[in-house]
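**Student:** I'd like to go over a predicted model; first the sequence, then the structure.
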Amino acid sequence: MIDPGEIRAGNWVLKITGVSNNTQSFFEYKIITMDEKYDRSARISLPIAITPTILANCGFRHESGDWYLNKPAEGIDDGLPFLRLKQADKSWYLENIKLLIQPVYLHQLQNLIFSLIHKELDINLGFFENVDIIAPVNFFRTPSTKIKTREIL
């Protein structure tokens, strides 16, 4: 689940829909709306991990293993360097400065970009692909071997 203090209206999350039929998913990519209560939304939502596919769907460009987003500049076609995920150390950089707090999830990246340029990130996620479950998951399965409590502590 997500910390309610981390999400705001406009953030994309993976919401648990709980619908069980062939036309709808258990999980769906959803945007947090203005009228939602963030604490309730956080309880039924999961963060979306930042992956190469997610970055590509958010307008980031890929070059030499790095993912980057440039800010528009007058007279410069590609814009000026802005935000980069460097492959060498798997860290985020603002221009040439390594960020102290590294975004791991999409909503964190959205909040970072919104706080820096006061614009929403253009995101096109499409549909979340759920995995078909062959049989119900038994969460109350008994362990194959018993371990004494003292051994664990």
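**Tutor:** Looks like it arrived, so ask away.

**Student:** C-alpha only now, for contacts and for neighbours.
**Tutor:** OK.

**Student:** Now the element after the top strand by length along the chain, going C-ward?
**Tutor:** If you go by DSSP state E, the chain has its longest strand at strand 76-86. The helix or strand immediately downstream of strand 76-86 is strand 91-94, counting by DSSP states H and E.

**Student:** Contacts for that next one next, please.
**Tutor:** 82, 83, 84, 85, 86, 98, 99, 102, 103 (CA atoms under 8 Å, 6 or more residues apart in numbering).

**Student:** do stretch 28-38 as well
**Tutor:** 4-5, 7-17, 41, 125-128.

**Student:** If we use 6 Å, what do you get?
**Tutor:** If you take CA atoms under 6 Å, 6 or more residues apart in numbering as the criterion, stretch 28-38 is touched by 4, 9, 10, 11, 12, 13, 14, 15, 128.

**Student:** do the same with stretch 71-79
**Tutor:** So stretch 71-79 is contacted by 70, 80, 82 (CA under 6 Å, 6+ apart).

**Student:** State the mean pLDDT of stretch 99-119.
**Tutor:** Averaging pLDDT along stretch 99-119 gives 94.

**Student:** Please identify the buried residues of it?
**Tutor:** 103, 105, 106, 107, 108, 109, 110, 111, 112, 113 (16 or more other CA atoms under 10 Å).

**Student:** likewise stretch 8-21?
**Tutor:** For stretch 8-21, by 16+ other CA under 10 Å, it's 8, 10, 11, 12, 13, 14, 15, 16.

**Student:** Touching it from outside, list them.
**Tutor:** Outside stretch 8-21, the residues touching it (CA under 6 Å, 6+ apart) are 26-34, 44-48, 107.

**Student:** now do 7 Å
**Tutor:** 25-34, 44-48, 106-107, 110 (CA atoms under 7 Å, 6 or more residues apart in numbering).
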